[in-house]
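Colleague: Here is my input; please provide its structure:
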Amino acid sequence: METNNIRNLTYRSVLTVTAISAFYLILSAWLIGYKTDQLFLVLLFNSLFYLSGPTRRFIVGFSVFIVFWIIFDFMKAFPNFRYNSVHIESLYLAEKKIFGIKTAGGTVVTPNEYWQAHTRSFLDIMAGLFYLCWIPLPLAFGGYLFFKDREAYFRFSLTFLLVNLLGFIIYYVYPAAPPWYVQHYGFVFNPHTPGNTAGLGRFDQIFHVAVFSSLYAKSSNVFAAMPSLHASYPLVVFYYGIKTRRGWANLFFGVIMAGIWFAAVYSSHHYVLDVLAGITCGLTGISLFNYGYGRKGGFYRLVQSCVAATSQSPPP
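Modeller: Here you go, the predicted model:
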């Protein structure tokens, strides 16, 4: 789409948006079946696109996050266990060997098993609150950067997308069961396993809500525990918070980051190894993007094009 077409509605831009919206709905229905989430996404995009110039620039810029969501959603049509064996027992034993905790009875347990036997209501609440930030935090930070520093926003959002793509690739190369799977099903592989709230279900029980039960009912793939992208997202936010000099907000980002890392293990959604892999994935994505951007290559040109396309200045 050309810059002029984004700033000012044209027949071509209307036709393009309409065609993309229709194609997305048809493809979604074919691949994973119709869901109200898909219709909501299309209505939201079209509403903001046609509402005004500022909202049009915003939703076009935020399309980076929409691309992430669509890819993640479509993974339901291509379960990773169809392409490689799922690692269940080997990952569990590796976790116990490296990070095992010796109990008073002399047995060795994983950190997940330790916390499962030592739950506290306060920790259940804090783990739930931290985990609820895994997507709202990067979205909110991205929204702030979009209006405050357009170039920094596209560097952040494209890094976020790159980290996700790296994580998705690993999901297919190394399918892995989460700790709660072993707790419920042992080491026998069951491809029809539904999503599970695991320890986060205690948050729902305390407040008599269905926050996490509704979220994990829509899980794209339960065998995608390695790496923990929940651990990657706050790291990317924290990095760009420091890079863009957000001051005291970085303390908040750091606390959320550490809280999500702890909650991932405490709630039995990830092993410590998963979290470390997620941190590594985040650092790798950041490094790759910075390398490409610093050399004025494709990433640099992409960012500059995105900034120009969402600029408020009128075309020459």
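Colleague: low-scoring stretches of the stretch 51-200 of the chain, by residue?
Modeller: Across the stretch 51-200 of the chain, no stretch falls below the confidence threshold (pLDDT under 70).
Colleague: Tell me where it has helices.
Modeller: Counting by DSSP state H, counting those that start in this stretch, the stretch 51-200 of the chain forms helices over residues 53-61, 63-74, 89-99, 111-116, 121-131, 136-148, 150-173, 179-185, given from the N-terminal end onward.
Colleague: Including mean neighbour count and distance to Gly292, could those helices go into CSV?
Modeller: Where C-beta positions appear, they are placed from N, C-alpha and C, glycine not excepted. Shown next, in CSV, are the helices of the stretch 51-200 of the chain (neighbours: other Cβ atoms under 10 Å; distance: least, Cβ to Cβ, whole Å):
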stretch, mean neighbour count, distance to Gly292
helix 53-61, 18, 20
helix 63-74, 16, 16
helix 89-99, 16, 32
helix 111-116, 21, 36
helix 121-131, 18, 32
helix 136-148, 17, 19
helix 150-173, 20, 9
helix 179-185, 20, 35
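Colleague: among those helices, which is nearest Ile206?
Modeller: Closest approach to Ile206 among the helices of the stretch 51-200 of the chain (Cβ to Cβ): helix 121-131, 6.1 Å.
Colleague: which residues are contacting that closest one?
Modeller: Residues from elsewhere that reach helix 121-131, judged by Cβ atoms under 8 Å, 6 or more residues apart in numbering: 115, 199-200, 202-204, 206, 211-212, 230, 256, 259-260, 262-264, 266-267, 269.
Colleague: May I have it exported as PDB, CA atoms only?
Modeller: This file holds the C-alpha atoms of helix 121-131, laid out as PDB (Å, rounded to 0.1, in the frame of the first residue of the first chain):
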ATOM      1  CA  SER A 121      -3.000 -17.700  48.200                       C
ATOM      2  CA  PHE A 122      -0.800 -14.500  48.000                       C
ATOM      3  CA  LEU A 123       1.500 -16.200  45.500                       C
ATOM      4  CA  ASP A 124      -1.600 -17.500  43.500                       C
ATOM      5  CA  ILE A 125      -2.900 -13.900  43.300                       C
ATOM      6  CA  MET A 126       0.400 -12.400  42.400                       C
ATOM      7  CA  ALA A 127       1.200 -15.100  39.800                       C
ATOM      8  CA  GLY A 128      -2.200 -14.500  38.200                       C
ATOM      9  CA  LEU A 129      -1.700 -10.700  38.100                       C
ATOM     10  CA  PHE A 130       1.700 -11.000  36.600                       C
ATOM     11  CA  TYR A 131       0.600 -13.500  34.000                       C
END
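Colleague: Can you give the distance of that helix from its chain's centre?
Modeller: Taking the mean C-alpha point of helix 121-131 and that of its whole chain, the gap between them comes to 19 Å (Cα atoms, centre = their mean, to the nearest Å).
Colleague: circling back to that earlier point, got the helices of the stretch 51-200 of the chain as JSON lines, with distance to Leu288 columns?
Modeller: Putting those into JSON lines (distance: least, Cβ to Cβ, whole Å) gives the following:
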{"stretch": "helix 53-61", "distance to Leu288": "22"}
{"stretch": "helix 63-74", "distance to Leu288": "16"}
{"stretch": "helix 89-99", "distance to Leu288": "26"}
{"stretch": "helix 111-116", "distance to Leu288": "30"}
{"stretch": "helix 121-131", "distance to Leu288": "27"}
{"stretch": "helix 136-148", "distance to Leu288": "18"}
{"stretch": "helix 150-173", "distance to Leu288": "6"}
{"stretch": "helix 179-185", "distance to Leu288": "29"}
